[in-house]
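K.L.:
compute the structure for the input listed below.
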Amino acid sequence: MEFHSSLTLLNSDTTFLLEKRIQLLTAIDRVGSISKAAKEVPMSYKAAWDAITAINNLCPTPIVVKETGGKGGGGAKLTTYGQNLLSTYTLLQKEHQKFLTHLTKMTDFNTGALKSIQRVAMQISARNQIQGKIEHIEQGKINSCVFIKLKSGYSIVSVITNSAVDSLSLKNEDEVIAIFKSSSVLLTADLTLNISARNKFQGEVIKVTTGEVNSEVILDIGGDTIASVITTDAVKSLDIKVGDKMSAIIKSSDTMIGK
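P.N.:
From the prediction side, this is the model:
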């Protein structure tokens with residue numbers, strides 16, 4: 001047994017996008033014809049036009065435009081806005097299915113009980129959560145090194161157990177979140193420092209928030225930001241200020257992966 005649910009988006013309590021309309025838009029984008037797309041879904045030509053009219057009316061800009069000179073009911077194409085909307089829905093649909101799959105794994109159908117509903121919507125307090133894409137996984141006997149490409153161009157390495165890799169079904173090209181606590185981030189002004197930690201990122205200090213005991217330093221590494229919490233004495237000793245060039249150092253064992 002498993003959970004199954006369709007994804008429907010509402011706009012002002014009015015049905016906006018649902019799977020059949022998405023199928024119609026996808027078909028129009030592929031064949032360039034409303035009549036041909038309607039046959040593929042399938043639905044009547046009138047129902048297809050009614051759906052397109054309803055969607056266009058609910059959007060700030062048209063999603064589908066009709067082209068003159070088309071055959072079999074006229075040609076049609078998605079606007080740039082429509083293509084972006086289709087891509088967004090596809091991404092939401094993947095996340096929706098991922099949630100249902102996770103919910104299925106957590107449900108004991110023999111007793112009809114959830115193992116732990118809190119885990120489904122769990123949020124974490126870790127300050128640093130950076131999105132990236134898995135580019136490589138090196139698997140050992142017990143642990144695996146997962147290399148994650150960040151949008152800044154850097155790669156961050158996370159060492160997790162092989163069972164965690166299997167549990168998350170991690171594979172190359174998966175989009176994941178690299179997670180690490182701000183207290184795990186070390187800072188150095190020596191950009192040439194050689195250190196055994198796998199992760200070292202050079203960047204610019206863009207914010208310093210000073211407290212009585214601890215301070216938070218935000219480092220921009222080129223599209224991604226890293227927060228580090230160190231003692232205020234350390235901030236004063238290193239004379240850290242906005243605009244300084246520094247390196248952030250994070251151990252691979254301190255880096256978790258969320259998916």
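
K.L.:
correct me, but Leu25 touches Val64?
P.N.:
Yes - Leu25 sits in contact with Val64 when judged by CB atoms under 8 Å, with a separation of 7.1 Å. Any C-beta I mention is one placed from the backbone N, CA and C, and that applies to glycine too.

K.L.:
touching both of those two, which residues are there?
P.N.:
55, 78, 82 (CB atoms under 8 Å, 6 or more residues apart in numbering).

K.L.:
before we move on, which element is the last one in?
P.N.:
Secondary-structure assignment from DSSP states H and E places Gly82 in helix 80-106.

K.L.:
distance between that helix and the chain's centre?
P.N.:
Computed by CA atoms, centre = their mean, to the nearest Å, the chain-centroid distance of helix 80-106 equals 11 Å.

K.L.:
from the contact counts, what lies against that helix?
P.N.:
helix 19-31 (3 or more CB pairs under 8 Å, 6 or more residues apart in numbering; DSSP states H and E).

K.L.:
please indicate which of the shared contacts of Leu25 and Val64 are buried?
P.N.:
For the shared contacts of Leu25 and Val64, a burial check counting by 16 or more other CB atoms under 10 Å picks out 55, 78, 82.

K.L.:
show me what contacts the residue lying closest to the first one once chain neighbours are set aside?
P.N.:
On the basis of CB to CB, 6 or more residues apart in numbering, the spatially nearest residue to Ile55 that is not a chain neighbour turns out to be Ile63, at 5.3 Å. Shown in contact with Ile63 (CB under 8 Å, 6+ apart): 25, 52, 55-56, 78-79, 81-82, 85.

K.L.:
can you do 7 Å?
P.N.:
Listed by CB atoms under 7 Å, 6 or more residues apart in numbering, the contact set of Ile63 reads 25, 55-56, 78-79, 81-82, 85.

K.L.:
ok, the residues you listed vs Ser237, which is closest?
P.N.:
In terms of CB to CB, no member of these lies closer to Ser237 than Leu85, at 52.1 Å.

K.L.:
what is the burial count for the closest one?
P.N.:
21 (other CB atoms under 10 Å).

K.L.:
just Ser33 next, same as before
P.N.:
21.

K.L.:
give me the nearest residue to Thr61, chain neighbours excluded.
P.N.:
Tyr81 is the one closest to Thr61 (CB to CB, 6+ apart), at 4.8 Å.

K.L.:
ranges for the strands of the stretch 101-250 of the chain?
P.N.:
Ranges of strands within the stretch 101-250 of the chain are 107-108, 113-114, 128-139, 143-150, 155-161, 175-180, 186-188, 199-210, 214-220, 225-231, 245-250, based on DSSP state E, counting those that start in this stretch.

K.L.:
measure Asn128 to Ile221 for me?
P.N.:
Distance from Asn128 to Ile221, counting by CB to CB, to the nearest Å: 11 Å.

K.L.:
before we move on, back to that, hang on, the residue nearest to Thr61 packs against Val65?
P.N.:
No - if you go by CB atoms under 7 Å, Tyr81 and Val65 don't touch, sitting 10.2 Å apart.

K.L.:
buried sites along the helix holding Gly82?
P.N.:
82, 85-86, 89.

K.L.:
ok, now stretch 38-50?
P.N.:
Of the residues in stretch 38-50, those buried (16+ other CB under 10 Å) are 38-39, 41, 43, 48-49.

K.L.:
got a pLDDT number for Gly70?
P.N.:
Looking at Gly70, its pLDDT stands at 48.

K.L.:
what does the one 4 residues further on give?
P.N.:
The pLDDT attached to Gly74 in the predicted structure is 56.

K.L.:
could you do Phe109 as well?
P.N.:
pLDDT, Phe109: 64.

K.L.:
repeat for Val65
P.N.:
86.

K.L.:
that one sits in which helix or strand?
P.N.:
strand 64-67.

K.L.:
residues contacting Leu186?
P.N.:
Ile249.

K.L.:
which strand residues bridge it?
P.N.:
Here Leu186 sits in beta bridges with Ile249, as judged by DSSP bridges.

K.L.:
ok, Leu170 touching Glu138?
P.N.:
No - Leu170 is not in contact with Glu138 according to CB under 7 Å; the separation is 12.0 Å.
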